[in-house]
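Trainee: Sequence first, then the predicted structure, then my questions.
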Amino acid sequence: MEKIKELAALFLPEGILEYFEYSGYERKSKEESKPYGEVTIILVEKNKVPKLPDEYRDRKIRQKGFKEIRVDDFPVRGKKVKLLLRRRVWQIDGSEELYKQEILATYPGTKLEKEFAIFFEGRNRT
């Protein structure tokens, strides 16, 4: 499994493994995802409590589940590549507000990975 993680790291956006751990992948054939097929790399956010406002620092915080975000990335070997980011969501006891780590995984205003969006921006195709 370690070798698969090392290989996946070669294809993932730079720095993403600081916040996420490789969890696996899903593959769709050409028949399921025309015309080329598709690979989804699944990453789960590391279990790290987000920075909280000062007034909540003495309260307990608990994980409330995950929010999934799908991000388009560069194609590999003629297949569409998507990143499925499973972001942790946290709640402070006595508060209705939900918190998460500040991680910029997409280019602002898009569902594209930052480097992929910049690639298109340079070609006036955002």
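Mentor: Perfect, I can see it now.

Trainee: the strands in this protein, which residues?
Mentor: Secondary structure of the chain (DSSP state E): strands at 20-28, 38-45, 61-76, 79-92, 98-99.

Trainee: Dump these to CSV, plus mean neighbour count and mean pLDDT.
Mentor: Yep, even glycine has a C-beta here, placed from its N, CA and C like the rest. What follows is the strands of the chain, written out as CSV (neighbours: other CB atoms under 10 Å; pLDDT from 0 to 100):
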stretch, mean neighbour count, mean pLDDT
strand 20-28, 15, 90
strand 38-45, 19, 92
strand 61-76, 14, 86
strand 79-92, 18, 88
strand 98-99, 16, 80
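
Trainee: Could you dump those strands into CSV with distance to Lys3 added?
Mentor: CSV is the format used below for the strands of the chain (distance: least, CB to CB, whole Å):
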stretch, distance to Lys3
strand 20-28, 11
strand 38-45, 15
strand 61-76, 17
strand 79-92, 19
strand 98-99, 35
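
Trainee: closest to Leu7 out of these?
Mentor: Leu7 sits nearest to strand 20-28 of all the strands of the chain, at 9.4 Å, using CB to CB.

Trainee: Can you tell me which helices and strands the closest one packs against?
Mentor: Packing partners of strand 20-28 (3 or more CB pairs under 8 Å, 6 or more residues apart in numbering; DSSP states H and E): helix 2-11, strand 38-45, strand 79-92.

Trainee: In JSON lines, list those along with distance to Ile103.
Mentor: Converted to JSON lines, those look like this (distance: least, CB to CB, whole Å):
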{"stretch": "helix 2-11", "distance to Ile103": "17"}
{"stretch": "strand 38-45", "distance to Ile103": "8"}
{"stretch": "strand 79-92", "distance to Ile103": "7"}
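
Trainee: so which of these gets nearest Ile61?
Mentor: Ile61 sits nearest to strand 79-92 of all the helices and strands packed on strand 20-28, at 5.1 Å, using CB to CB.
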